[in-house]
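[1] please work out how this folds:
(chains A and B)
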Amino acid sequence: QVQLQESGPGLVKPSETLSLTCSVSGSINYYYWTWIRQPPGKGLEWIGYITDSGRTSYISSLKSRVTMSVDTSKNQFSLKLNSVTAADTAVYYCARDGGPWGQGILVTVSS
Amino acid sequence: DIQMTQSPSSLSASVGDRVTFTCRASQNINIYLNWYHQKPGKAPKLLIFSASSLQSGVPSRFSGSGSGTEFTLTISSLLPEDFGTYYCQQNYNFPRSFGQGTKLEI
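    Numbers count the residues shown, from 1 in each chain, chains lettered A, B, ... in the order given. Here you go, the predicted model:
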């Protein structure tokens, strides 16, 4: 059973870049690898996906600020979100499309 | 983009009750519908995929039905551990989208 684990800073300053990495316990070949976020007390928002070949698709509301990348040699994929504000404070989950999910990481945007 | 709408937004029920949640899609998504259960502080757990297929390890008191634009998740007899929030998600196309959730209080 593949397992996913998010890592990265838990605190980011406003206007800076949020950077997270997802480590996958198995092969990252095939599938769509996704990021999803959940602001405190709110619902789930799908951010986008990346494939092992580096093909990406992002939700339109974040498209101008999001970049995803993949490192197949390390079985990792990453999320960068620039120009963050307090509205980007959320638990960020990485997941294989259709499951499983990582445990999530809380990222707070604050000075 | 496909919009997913869940009802009700919250529900209070008792142990042993039968409860049903509804999820509607803004366009036909065939049976490309997942149901998740989330407890506070935890990642969502997949319960049902392809509208009616039970994920491995999920108790048989959970069942899903529907196709096209209307879907339901039913819990036949509530247990205390079933509290939390239930989300539907369409995986018919990208971007994937979730319903706003139904919060179940026991």
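
[2] tell me where the chain has strands.
    As the question left the chain open, I've gone with chain A. Secondary structure of chain A (DSSP state E): strands at A:4-7, A:11-12, A:18-24, A:33-38, A:45-50, A:56-58, A:66-71, A:76-81, A:90-96, A:105-109.

[3] think we crossed wires, I meant chain B
    So, for chain B - with DSSP E - the strands run B:4-7, B:10-12, B:19-25, B:33-38, B:45-49, B:53-54, B:62-67, B:70-75, B:84-90, B:97-98, B:102-105.

[4] wait, A:Leu62 touches A:Ile47, no?
    Yes - using CB atoms under 8 Å, A:Leu62 is in contact with A:Ile47, at 6.1 Å. C-beta: built from backbone N, CA, C; applies to glycine.

[5] the more surrounded of these two?
    For A:Leu62 versus A:Ile47, neighbours defined as other CB atoms under 10 Å in any protein chain shown are more numerous around A:Ile47 (23 against 17).

[6] surely that one meets A:Lys63?
    No - with contact defined as CB under 8 Å, A:Ile47 does not reach A:Lys63; the gap is 10.0 Å.

[7] measure B:Ile48 to B:Trp35 for me?
    4 Å (CB to CB, to the nearest Å).

[8] now for those two: what residues contact both?
    B:62, B:64, B:73 (CB atoms under 8 Å, 6 or more residues apart in numbering or on different chains).

[9] now do the same contact list for the last one.
    When contacts are counted by CB under 8 Å, 6+ apart, B:Leu73 touches B:20-21, B:23, B:35, B:47-48, B:62-64, B:86, B:88.

[10] ok, B:Phe49 next?
    Contacts of B:Phe49 (CB under 8 Å, 6+ apart): A:98-99, B:34, B:55.

[11] now do 10 Å
    A:98-99, B:31-36, B:55, B:64, B:89, B:91 (CB atoms under 10 Å, 6 or more residues apart in numbering or on different chains).

[12] most remote residue from chain B's center?
    Taking CA atoms, centre = their mean, the residue of chain B most remote from its mean C-alpha position is B:Asp1, at 19.8 Å.

[13] and the contacts of B:Phe49, which are buried?
    For the contacts of B:Phe49, a burial check counting by 16 or more other CB atoms under 10 Å in any protein chain shown picks out A:99, B:31-36, B:64, B:89, B:91.

[14] which one of those residues is nearest to A:Leu81?
    Closest approach to A:Leu81 among the buried ones among the contacts of B:Phe49 (CB to CB): B:Gln89, at 21.3 Å.

[15] isn't that closest one up against B:Ser50?
    No - between B:Gln89 and B:Ser50 no contact is recorded; they are 12.0 Å apart, counting by CB atoms under 10 Å.
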